[in-house]
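Participant: structural data only, the sequence is not supplied:
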């Protein structure tokens, strides 16, 4: 992961957009990345909102993963 952009997403949920150099689309890799991102944000004292959408883009700009964690 080399960049995170935070903003407003669909339905007022927080939008987290992440760019990674890893082009792996495997679900296990995504789960580890998601945990790493949310852990990092918690460590920084600014965890994601309860409702959030996470998009992960690969090195060529293609969408690798989308997680809709809205409740």
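Facilitator: Arrived safely. Note that the structure is predicted; figures quoted are calculated from it, not measured. Numbers count the residues shown, from 1 in each chain.

Participant: how close does the residue nearest the centre of the chain sit to residue 8?
Facilitator: Note on the chain: the residue nearest the mean C-alpha position is residue 54, at 3.7 Å, using Cα atoms, centre = their mean. According to Cβ to Cβ, to the nearest Å, residue 54 stands 14 Å off from residue 8. Bear in mind the C-beta positions are built from the backbone N, C-alpha and C, glycine included.

Participant: next one: the lowest-mean-pLDDT helix or strand in the chain to chain centre, how far?
Facilitator: One helix or strand of the chain scores below all others by mean pLDDT, DSSP states H and E: helix 27-43, with a mean of 87. Mean C-alpha position of helix 27-43 versus that of the full chain (Cα atoms, centre = their mean, to the nearest Å) differs by 8 Å.

Participant: show me what counts as buried in that helix.
Facilitator: 29, 30, 33, 34, 37, 38, 41 (16 or more other Cβ atoms under 10 Å).

Participant: direction included, what does whichever strand or helix holds the residue nearest to the centre of the chain pair up with?
Facilitator: Per DSSP states H and E: residue 54 is located in strand 52-57. When sheet partners are counted by DSSP bridges, strand 52-57 sits next to strand 14-19 (parallel), strand 63-68 (antiparallel).

Participant: got those as CSV, with distance to residue 3 columns?
Facilitator: Putting the strands paired with strand 52-57 into CSV (distance: least, Cβ to Cβ, whole Å) gives the following:
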stretch, distance to residue 3
strand 14-19, 4
strand 63-68, 14
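
Participant: return the most buried member of these.
Facilitator: strand 14-19 (a mean of 18; mean count of other Cβ atoms under 10 Å).

Participant: hmm, back to that, contact partners of the strand holding residue 54?
Facilitator: Under the contact criterion Cβ atoms under 8 Å, 6 or more residues apart in numbering, strand 52-57 has outside partners 9-10, 13-20, 30, 33-34, 37, 63-70.

Participant: switch the cut-off to 7 Å
Facilitator: 9-10, 13-20, 30, 33-34, 63-70 (Cβ atoms under 7 Å, 6 or more residues apart in numbering).

Participant: check stretch 19-27 too.
Facilitator: 1, 2, 3, 29, 33, 56, 57, 58, 59, 64.
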